[in-house]
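1. Prediction below, plus the sequence it came from.
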Amino acid sequence: MPKGDMPRRILQLHLLGEEDEEDEDMDDPDEAIPCKKESLCTCIQKMCLWLVCLEYFDYVMGLAILANAVLMGVQADIAVQNARTGAKEPPVIRAVAVALGAVFTAELVIRILAYRVDFFTKPGWRWNVFDFLLVFLQLSEEVVTVLVYENSDAVSVNLSFMRILRVLRLVRIVRLVRVLRLIRELRTLVQSIASTMTSLLWTVVLLLLLIFVVGICFTQVVADVGLEAPQLIQEGTDTFEYYGSLLRSVMSLYQSITSGISWRDASQPLERHQPIMGLVFAVYIAFAALAMLNVITGVFVESAMASAREENNVTVVSRMRELVSKMEIGESGRMTWEQFEGQLNNPIMEAYFKSLDLSVTEAESLFRLLDIDNEGSIDVEEFIAGCCRIHGPAKAIDLTTLMCQVMLLHRQWRSHAMLLEERPFCACSRIAYLCGPWGCNHRRLQAPAINLRDVQHLTLNRRRRKIEAHSDMYSTGKSCFRTHAGYESEFLSAGTV
């Protein structure tokens, strides 16, 4: 067999799973088994999927994205200098850009081979389509650049298209967002900011309404002053600079509450013409800067904290699912204490107990607390739900559930107490009838059960006739109650009493 065919033959044997016959096939090249097309595709997909699922794969691509962002900054700085001096871009920068483009292209190909059609349909498909478009634009830019350099006569024709591609190159900087998902703290900050977008929109609307109303008032005052003395609102004066139009008034009021300008400078033209306007301007600053902006800050902080709590809950669930996946749980889906104890040395489990302000030595108490049925095992979903309930402070729904359970137990105990209060008289009456005045009568014990009213009637008649001769009947019945406890329990379970 030629040396060049040796690696291909080894790959074929590995794909077909014929490890036992490897030596025989290598000695006899005529009996080589051809590699099936389906097996080759399946093997390539599994290898790509294994590579994509590696934790270090995302970190390596994150470093490549950061390097690409730094490279774009260097290219922008060099482009400005070259525009002034007329120099060309260094070949090293060009080579690094081509290498990073090849890395991103290889990543896209690996992910497509790993997920196939699911790459465009699975959760997060929007980011996948965005990466596909970025790689396509980068490849298009490289191809056009090569064509331009090879055909210098068409440079003037392709310059406009190159400018468009360079503008679209700026969109690639958005790829940095992918790095945020690798760092939990940055991801939490971004999600907190994103969760406040709705509040930010309505805050801007409310602030614009306030500034618009006050701006109309000040602009009208300046217009009245201009009717009496037009030279006071000519160009170059501070009155015209701050309140020469409605747009200028709105911009001045906005800058006054955002430290763009000193609000004293903005109020002086109004005080000069009408002193009362200085007081109105001070009231506007007090309401906008001290009241509205502080309330808006509180709303943003609350939204950010709620988003952080939600992200924390999602992180807890994902970590617990990761721990459960490492345990050898059968089809029953229940986790035993031995399986739970085997994960106590896991750093993720230690971090989780630390977040609950618990030590690892208290793990058994947590397990027993979640094992409500005391069966020695917990359902996996119940375990994760219990961990989520334990994590964080008690909620109103938890307190309401506890109150309902306490009320239900109170009603059950009250019904049992009332039942126990009614049972002693019925039990004594039955015992008195079964035992009689001279001791136990086994025939009566074996006799079929009778009605409670008949028992009471016969007992009362016997007591009336022989109350003087049998004053110790109660004590006799009490002793027989201990002797025939088994008969009485059967009698009560039969529903007669």
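-> Perfect, I can see it now.

2. Do I have it right that V171 meets L137?
-> Yes - because the distance of 7.4 Å satisfies Cβ atoms under 8 Å, V171 is recorded as touching L137. From N, CA and C alone the C-beta is placed, and that goes for glycine too.

3. When the two are compared, which one has more neighbours?
-> Neighbour tally, V171 and L137, criterion other Cβ atoms under 10 Å: the higher count belongs to L137, 15 against 12.

4. The helix or strand in which that one is found: which residues count as buried?
-> When secondary structure is defined by DSSP states H and E, L137 falls within helix 125-150. Within helix 125-150, the residues that qualify as buried by neighbour count (16 or more other Cβ atoms under 10 Å) are 128, 131, 134-135, 138, 141-142, 145, 148.

5. Spell out, range by range, the strands that occur in this protein.
-> Under the criterion DSSP state E, strands of the chain are mapped to 334-336, 377-379.

6. quick one: strands adjacent to the last one?
-> Right, the one you point to is strand 377-379. According to DSSP bridges, strand 377-379 has the following sheet partners: strand 334-336 (antiparallel).

7. on that earlier part again, so which of the strands of the chain is nearest V225?
-> strand 377-379 (78.3 Å; Cβ to Cβ).

8. hmm, who's touching that closest one?
-> Contacts with strand 377-379, where a contact means Cβ atoms under 8 Å, 6 or more residues apart in numbering, come from 333-337, 340, 367, 370-371, 386.

9. Most neighbours of all the residues you listed, which one?
-> Using other Cβ under 10 Å as the neighbour test, the contacts of strand 377-379 are led by M335, with 23 neighbours.

10. contacting residues for it?
-> Contacts for M335 (Cβ under 8 Å, 6+ apart) come out as 324, 327, 329, 377-380, 383.

11. any idea which of those residues is closest to L206?
-> For the contacts of M335, the closest approach to L206 (Cβ to Cβ) belongs to F383, at 46.1 Å.

12. Could you double-check that the closest one lies in contact with M320?
-> Yes - proximity of F383 to M320 meets the contact threshold set by Cβ under 8 Å, at 7.4 Å.

13. How about N313, nearest residue that isn't a chain neighbour?
-> In space, and not counting its chain neighbours, N313 is closest to C388: 6.1 Å by Cβ to Cβ, 6 or more residues apart in numbering.

14. can you check I112 too?
-> Closest residue in space to I112, ignoring its immediate chain neighbours: F119 at 5.2 Å, by Cβ to Cβ, 6+ apart.

15. Check M327 too.
-> Closest residue to M327 in three dimensions, ignoring its sequence neighbours and counting by Cβ to Cβ, 6+ apart: Q339, at 4.7 Å.

16. one step back: tabulate the strands of the chain in CSV, adding columns for mean pLDDT and distance to G236.
-> Output for the strands of the chain, formatted as CSV (pLDDT from 0 to 100; distance: least, Cβ to Cβ, whole Å):
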stretch, mean pLDDT, distance to G236
strand 334-336, 78, 80
strand 377-379, 79, 80
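
17. Quick one, which of those strands gets closest to I183.
-> Comparing these by their distance to I183 (Cβ to Cβ), the top pick is strand 334-336, with 31.1 Å.

18. Any stretches of the stretch 151-300 of the chain with poor pLDDT?
-> When the per-residue scores of the stretch 151-300 of the chain are filtered using pLDDT under 70, the ranges that remain are 151-166, 168.

19. how about the helices in it?
-> Shown for the stretch 151-300 of the chain, the helices assigned by DSSP state H, counting those that start in this stretch span residues 155-169, 177-180, 184-195, 197-228, 238-243, 246-257, 263-273, 276-285, 293-326.

20. Determine which of these approaches A76 most closely.
-> Shortest separation from A76 across these is recorded for helix 155-169, at 9.5 Å, computed as Cβ to Cβ.

21. about what we covered before: closest to W413 among the contacts of strand 377-379?
-> The shortest approach to W413 among the contacts of strand 377-379 belongs to D371, at 24.4 Å (Cβ to Cβ).

22. what's near enough to touch the closest one?
-> For D371, the contacting residues are 377-378, by Cβ under 8 Å, 6+ apart.

23. Kindly state the pLDDT recorded for it?
-> D371 is assigned 75 on the pLDDT scale.

24. ok, now how distant is the nearest residue to L370 once chain neighbours are set aside from M403?
-> Setting aside the residues directly before and after it, L370 is nearest to G386 in space (Cβ to Cβ, 6+ apart), at 4.3 Å. Distance of G386 to M403, computed by Cβ to Cβ, to the nearest Å: 20 Å.

25. go on, S267?
-> If you measure S267 against M403 using Cβ to Cβ, the figure is 57 Å.

26. Between those two, which has more neighbouring residues?
-> The residue with the greater number of neighbours, taking S267 and M403 and applying other Cβ under 10 Å, is S267; the counts read 22 against 10.

27. Was I right to think the more buried one contacts F281?
-> Yes - distance between S267 and F281: 4.3 Å, which falls inside the contact criterion (Cβ under 8 Å).

28. residues near the residue nearest to I112, how many?
-> Using other Cβ under 10 Å, F119 is surrounded by 18 other residues.

29. Tell me the spacing between it and R126.
-> 12 Å.

30. ok, back up a step: closest to A79 out of the helices of the stretch 151-300 of the chain?
-> A79 lies closest to helix 155-169 among those, at 8.4 Å (Cβ to Cβ).

31. Sweet, I'm off.
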